[in-house]
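Q: fold the following and give me the result.
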Amino acid sequence: MARSRKRREFKPVDAEENLTEERFRFPLDIDDDIKKQPAEKRKNDSTGFVRRDRRHEHHQSTNLPDTSKSSFILKKAREIPSPVHGLKKYDLENKEAPEAESSESSEGTNYDDIQSVIIRDIVKKRNRKKHRDNIRKEAAMNRRKEEAESRSSQNLKSAIKPLTKKKKSLKEDKVPTHTMGTPVKMKSASVEKRYGPTLSLPSLDMLGKMQASDYASEEKELSEAIVQAFNANGVPASVNEYKSNGIIGTHELKLNRNFRISNISKLKSHILPYLPVEEMRVVAPIIGTSHIGVEIPLREPRPIYFSTLFQKSSLKLRKNDYKFMLGKIVDDQIFSYELPKAGHLLVYGGKNDEAAHLIDNFIISMLMNHTSHDLKFKFVTSNDMYDGYKRLNYLFSEHDTIKSTDALDDILQEVNSRSNQFRRAHVRNISSFNQRVNHANKKSVIVVVIDDFSELIQSNNHEAINAVVQILKKGKPLGIHLLIRHGDPAAKIGYELLQLLQTKISFKDDRNQVIKGSDNLMSGNDMLVQIPTSNKPLRVNRGEIDKETKDKILKFLREQQP
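A: Predicted coordinates for the structure are as follows:
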């Protein structure tokens, strides 16, 4: 039987007014008197759409309570003691705090005002420390004043009477060292007056003439012949860019995408008969592109003079960074490198004159920017091509012959001496050592030129060869570098020696014993340079330095000697 649902009925609006029973009192009913007051009835407006006037007075139930009768108002906050000064009471009515006492000295601090025992001890320790610091500062100021007065008096004496003390040589100078547990300062403040350098470097006016201005002009007939040679072999090509350093011109060719670069070696023999040249070198691909480069010697070469190399490179800034330069790369960039990064150098192959001119570029570029205190040379040679460097202050010792058994004994003695001094100074290289000592005790970089190393191998001079191996292993961090020239390819260099020689320079070599690709070079001043920071060799054309420029620079350096 379905139950009938009662219909829900809502009470009318006036039902609450007619309610006689007492209503349930809720906790939120704050003021029952206000609730019991009858509500004013809204007057009926004839229009019905006119807004009635706003009520300017608040409703009686929304008025804010009177705060003056409340008992929960904080009249005075609790006084919190300071972590340093404790609890200090001052006059609240006058609102004036007492002047802060000076805490610089312990005498001006009243410890009775500090209630905390821990804070009182902290303040006492702080004041005692400040007092000690003030005493030390005053003593240091007095000591500096006395030193300044003594220096001024000594300067006056030195101005009246010149110095007669002779300067010691580098070998007589003793480097201050220290044993374990008794450290000694490496640098000490000099009391004597410091004098400036008495040596000057050669000027740029001594370098002679520059390279011709039209050295990079393109030979259009040769470019057209190269394009026709490729087209004749069924490989369409076009010249994208041309670069030249004055000796060799590089034609950058853009080939068809379907052509395989691996076939370049086979294609070279088919292209060369179509060209009016005898030598050609192909680079495939050029780094960063998909093009190939055809390097051909110019018919009318423009020599690369030493003045162009020096004045258009970073060497013209005359920095003491031990940079040397050899020539120009085929893309018309000057090749310069730092000796500390190059390590030991090998010059392989080439005629005697070509190798001697290359070594002259190396030596003169170093002499232009360094004094005799920073740079030293040692020549071990059996020819007279380096006699022009005699009687220079840059020499570490006199020239020795290549067949002498004790030619490198002084260098070995210097290696052992520097290794001991560096170990006692707790350093590993020459740059760190020179930063710790004064100017007079700094170590100079030594370059040992050996020409010709093939004669040393053929002479069976085992003592000199062992000395070379020891210098190659230990010399680089000590600032001692070898520049070895190997002229006879018949005398083979061992694999271990090649690994110790970080920078390799190879002239034309048909057997590619040192650098791969040197068989494609032309005879003369053309060479490949392999540096330690790159796996790909660079093709460099040596710079020319004439005898007049060389003699002028060496004469100037001899006149500068004391």
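Q: next SSE after the longest helix seen in the chain?
A: Ranked by residue count under DSSP state H, the longest helix found in the chain is helix 117-160. For helix 117-160, the following helix or strand on the C-terminal side (DSSP states H and E) is helix 220-232.
Q: only the buried residues of that next one, if you could.
A: Within helix 220-232, the residues that count as buried by 16 or more other CB atoms under 10 Å are Leu222, Ser223, Ala225, Ile226, Ala229, Phe230. For every residue, glycine as well, the C-beta is placed using N, CA and C.
Q: what does that helix rub up against?
A: Helix 220-232 has contacts (CB atoms under 8 Å, 6 or more residues apart in numbering) with 236-239, 242, 249, 251, 253, 255, 271, 274-277, 294, 296.
Q: and those, which of them are in helices?
A: The helices, defined by DSSP H, take in Ile271 from the contacts of helix 220-232.
Q: which of the contacts of helix 220-232 are buried?
A: Ala237, Val239, Tyr242, Gly249, His251, Leu253, Leu255, Ile271, Leu275, Val294, Ile296.
Q: the contacts of helix 220-232 in strands, which ones?
A: Taking DSSP state E as the definition of strands, the contacts of helix 220-232 contribute Ala237, Ser238, Val239, Tyr242, Gly249, His251, Leu253, Leu255, Val294, Ile296.
Q: may I ask which two of those are separated the most?
A: Farthest-apart pair in the ones in strands among the contacts of helix 220-232 is Gly249 and Leu255; separation 18.7 Å (CB to CB).
Q: tell me, how many residues neighbour Phe377?
A: 22 (other CB atoms under 10 Å).
Q: list the contacts for it?
A: Ile363, Tyr389, Leu392, Tyr394, Leu395, Phe396, Ile446, Val447, Val448, Val449.
Q: same thing with Ser459?
A: Here Ser459 is in contact with Ile402, Lys403 (CB under 8 Å, 6+ apart).
Q: hmm, try it at 7 Å
A: Residues in contact with Ser459 (CB atoms under 7 Å, 6 or more residues apart in numbering) are Lys403.
Q: for Thr401, see how far away it is.
A: 10 Å (CB to CB, to the nearest Å).
Q: the bottom helix or strand of the protein by mean pLDDT?
A: Here the helix or strand of the chain ranked lowest by mean pLDDT, DSSP states H and E is helix 32-36, holding a mean of 49.
Q: that older thread, same list (the buried ones among the contacts of helix 220-232) but as JSON lines, adding pLDDT.
A: Output for the buried ones among the contacts of helix 220-232, formatted as JSON lines (pLDDT from 0 to 100):
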{"residue": "Ala237", "pLDDT": "88"}
{"residue": "Val239", "pLDDT": "89"}
{"residue": "Tyr242", "pLDDT": "92"}
{"residue": "Gly249", "pLDDT": "92"}
{"residue": "His251", "pLDDT": "91"}
{"residue": "Leu253", "pLDDT": "89"}
{"residue": "Leu255", "pLDDT": "84"}
{"residue": "Ile271", "pLDDT": "87"}
{"residue": "Leu275", "pLDDT": "87"}
{"residue": "Val294", "pLDDT": "91"}
{"residue": "Ile296", "pLDDT": "91"}
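Q: out of those, who's nearest Asp526?
A: Taking the buried ones among the contacts of helix 220-232 together and measuring to Asp526 by CB to CB, the closest member is Ile296, at 12.0 Å.
Q: from Tyr215, how far out is that closest one?
A: From Ile296 over to Tyr215 the distance is 15 Å, taken as CB to CB.
Q: same check on Leu298?
A: 9 Å.
Q: those two: who's more crowded?
A: Using other CB under 10 Å as the criterion, Leu298 and Tyr215 rank with Tyr215 on top: 20 against 17.
Q: tell me the SS of the most centrally placed residue in the chain?
A: By CA atoms, centre = their mean, the chain has its centre lying nearest to Asp321, at 12.5 Å. The three-state label given to Asp321 by DSSP: H, G, I helix; E, B strand; the rest coil is coil.
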